[in-house]
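> I would like the atomic coordinates for the input below:
(2 chains)
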Amino acid sequence: MLRWIARGLSGGRVTTRYPRGGEPVPDGFRGRVDVLDAVGAEAELESVCPTGAISVGSSGGVSLDRGRCILCGECVRAAPGRFAFQARYETATRTRAGLIVPERDGDGDPPRRALGEAAAALRRSIHVRHIDCGSDGCEEWEIQALWNPYYDIQRLGFFLTAYPRHADVLLVTGGVTRPMRRPLERTWQVMPEPKALVAVGTDACSGGLAGESELVAGGVDRVLPVDVYVPGSPPSPIAIMHGLLLAVGLLAAGARAT
Amino acid sequence: MTGVATVARRVSEGLPEHLGAVPEPGPDPEVRLRVTTLGFERAAHVLRRAGARLITMLLAEAPEPSLMAAFALRGALVVLRAPTDGADPVTYGALSQTWPAARWAEQELVERFGVRPVGFSPGRSLTAADADLIERSVHGLDVFAIPYGPVRSGVFEAIQFQVQTGGESVLSLQTRLGFKHRGLERRFAGLPPERAVHVAERVAGIASVAYASAFSQAVERALGIEPTLDAQRWRVLYAELERMAAHLDVIAKEAETAALHVGQARFQILKERVTRLRARLTGSRFARGVIVPGGVRLQGGIGLDELLRSLDALEGDLAADRRLFVGTASMTDRLVGAGRLSRALVEEYCAVGPVARGSGVATDARHERPYGDYRRLGLQVVTERAGDAMARIEVRFGELFESLRILRQCVDHLRGHEGELATPLPRDGTGAAFGWAEAPQGELVIWVQVRDGLVDRVHVASPSLRNWALFDHAFPADVLTDFAFIEHSFGLTPSGADR
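Take a look at the predicted model:
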């Protein structure tokens, strides 16, 4: 056992300083897609996207729904002047409409539940529960990574719990398959107030490529109210951490996606 | 390939004449045989006696509606095809009457396509799971059933295990799949192959590279094109990094289950380092969006010298952490002897991947039917004999070092590369073929049918589905507290099995 301890000390500190400090993003990282030029597009541009995330208005205005975007890059290749990948981690928003870029007026944050104040009273001890409702398995890896030495979200007061009755935050992955609908509803129901629900990944935000069918509901908000959306296919651990901090009010409302 | 030609001849000669098996052309090393639905079961059993391993069964539409089964036999992929001649429902003699490996393949044929195998007794659903349905197979005083899942106690994918126990020992176990059935195979239809590959990557995300490679290879074989050498090397490079991440994940989870906290942290650190290397090479932590039918798309990337330095550092740390892991009795005591699978059972169920290799079955798609650059790389297949959880972990340790060796070879070969990385696909190509890859979980096989340049139909034979059939039998002398160790030692993913 002593040898393990010596081994553990040998590597030095690897933990990120996020959110107090920044976390460097590798060049070329496909964190999210930005719209560079939102005017004068043809309607055919919509068909470039396999998940229907791009809409073109009657006057040629382009908008991109990051809640549907799977970061495949089809639009960036088809129209490099209009769309570009951004090497950014943070993607979370508090509203579904907030995921649509360029932002429109009046999409401000909704009134918050009381979890933020409660979190302060709890001295920032937040218990997190996860439920998979039809993910592709990536999101689980990225959520698990939050508790590895690189991200160590426990230093911010987040603990993983197996019991929904102990949980303050529910992380949901997947677009909600038919057999998972009831287990999801029951898990949420037994969680005590105040509580928050975070949809993790594009599948949880909109159904992603699995879409909406008789097999998949097409997003968690079709079943339960969502407090924070973290799009990405999958979102990186920092993106999920950002979403969790938003959910418990530990980040100012304006701090989204900086 | 003379080996494949020999298999083709022997199979045709070995089949009784009255079955009327007719050889059909197919891309090497596929050996395609047309039989009748009446002779289908007999033909499959002739193949079984010859040592064939059942891979999957499906219903295809081209060149005509047909029942199909694929087998691995000595370097060949033997495909039996029986035209259904408009029969509704399609009937044939069920293979699973005597061959347990066909059990879930036939369950899928029944559930998804309404096929009626004669003599098949329907089992639990693979597409419509019910979390509240408890089924008992053992009855007696003080025997109770515990449903584990589909909401798991940790961050895991949705699956349910129904365990019946008298208190400590596992009397019976039922694996329940289908909680994550998303109908993804239908999602491929109508898409051009370059776009359909995004769906392939999302069948089982932790094996995105394997799925994208197997799908792309199937398209390439169906349309008769060959990616450039450099493209094949990049695919190998991405695939081996993916294998490393998955194997390190399994080992970290075993350490976590044994409450070996420093060990857990060490292997999580190694996994994160591999993941970050993948992100720097491809712009995606799961190497998504880089493999396309025809070749690879390079995005981002780092210098080969830097990559080599990272691999050297990984190898040194991995060797030190492995020594500590196998030298910690509180860790290995939980794995040695747990979840023992006999070689005979593994062969009967046609299991694949580290599960099979841990029981002494040297099956590995990279070696059996070498694809891409694996044809030029000398691969050492790692096997263990004990068949327990420790053996499956030892196989993964061995494969981690083997991956590092292959990665170095790839880097050497890639020096001074230039030229096209993706070969364009013919615009209105038509064809059908199997493609495969050795995913970290085992052999993955994908059937793709392309018509007029668009994907028409896809069938996925995931390693997870085939190995989970065996999981029910992995508790011959084990107790409840062994459960998590044995589950992690299988290292499977429900998303791949459920699709």
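
> for the rest of this, base every contact and every neighbour count on C-alpha atoms.
Fine.

> mind listing residues that contact stretch A:150-164?
A:14-16, A:124-129, A:145-147, A:167, A:187-188, A:190-191, A:237-238, A:241, B:152-154, B:269, B:272 (CA atoms under 8 Å, 6 or more residues apart in numbering or on different chains).

> show me which of those are buried.
A:16, A:124-129, A:145-147, A:167, A:187-188, A:191, A:237-238, A:241, B:152-154, B:269, B:272 (16 or more other CA atoms under 10 Å in any protein chain shown).

> can you tell me which of the residues you listed are in strands?
Judged by DSSP state E, these include A:Ile126, A:His127, A:Val128, A:Arg129 as members of strands.

> quick one: which of the contacts of stretch A:150-164 sit in helices?
A:Ala145, A:Thr187, A:Trp188, A:Val190, A:Pro237, A:Ile238, A:Met241, B:Ile269, B:Glu272 (DSSP state H).

> so where's the chain uncertain?
Chain wasn't specified; assuming chain A. A:104-124, A:250-258 (pLDDT under 70).

> chain B is the one I meant
Short version for chain B, where the test is pLDDT under 70: B:1-5, B:8-9, B:12-14, B:16-19, B:299-300, B:416-420.

> give me the residue from it nearest chain A.
Nearest residue of chain B to chain A, counting by CA to the nearest CA: B:Gly283, 4.0 Å away.

> from B:Pro354, how far off is that residue?
As judged by CA to CA, to the nearest Å, B:Gly283 and B:Pro354 stand 29 Å apart.

> those two - which one has more neighbours?
Comparing B:Gly283 with B:Pro354 by other CA atoms under 10 Å in any protein chain shown, the one with more neighbours is B:Pro354, at 32 against 27.

> verify the contact between that one and B:Arg392 for me.
Yes. Counting by CA atoms under 8 Å, B:Pro354 touches B:Arg392, with 5.8 Å between them.

> what residues are shared contacts of those two?
Both B:Pro354 and B:Arg392 are contacted by B:Phe490, under the criterion CA under 8 Å, 6+ apart.

> which parts of the stretch 51-200 of chain A sit against chain B?
By CA under 8 Å from any CA of the partner chain, the residues of the stretch 51-200 of chain A that approach chain B are A:72-73, A:129-138, A:140, A:143-145, A:148-150, A:160-163, A:177-180, A:183.

> so where do the helices sit in the stretch 1-150 of chain A?
A:2-10, A:74-78, A:115-121, A:138-145 (DSSP state H, counting those that start in this stretch).

> let me know which of those is tucked in deepest.
Highest mean neighbour count among the helices of the stretch 1-150 of chain A (mean count of other CA atoms under 10 Å in any protein chain shown): helix A:138-145, with a mean of 22.

> helices or strands up against it?
Counting by 3 or more CA pairs under 8 Å, 6 or more residues apart in numbering or on different chains; DSSP states H and E, the packing neighbours recorded for helix A:138-145 are helix A:237-247.

> need the contact list for B:Ser216.
Listed by CA under 8 Å, 6+ apart, the contact partners of B:Ser216 are B:Pro193, B:Val197, B:Ile291, B:Val292, B:Pro293, B:Gly294, B:Gly435.

> same check on B:Gly435?
B:Ala214, B:Phe215, B:Ser216, B:Gln217, B:Ala218, B:Val219, B:Arg221, B:Val445, B:Ile446, B:Trp447, B:Val448.
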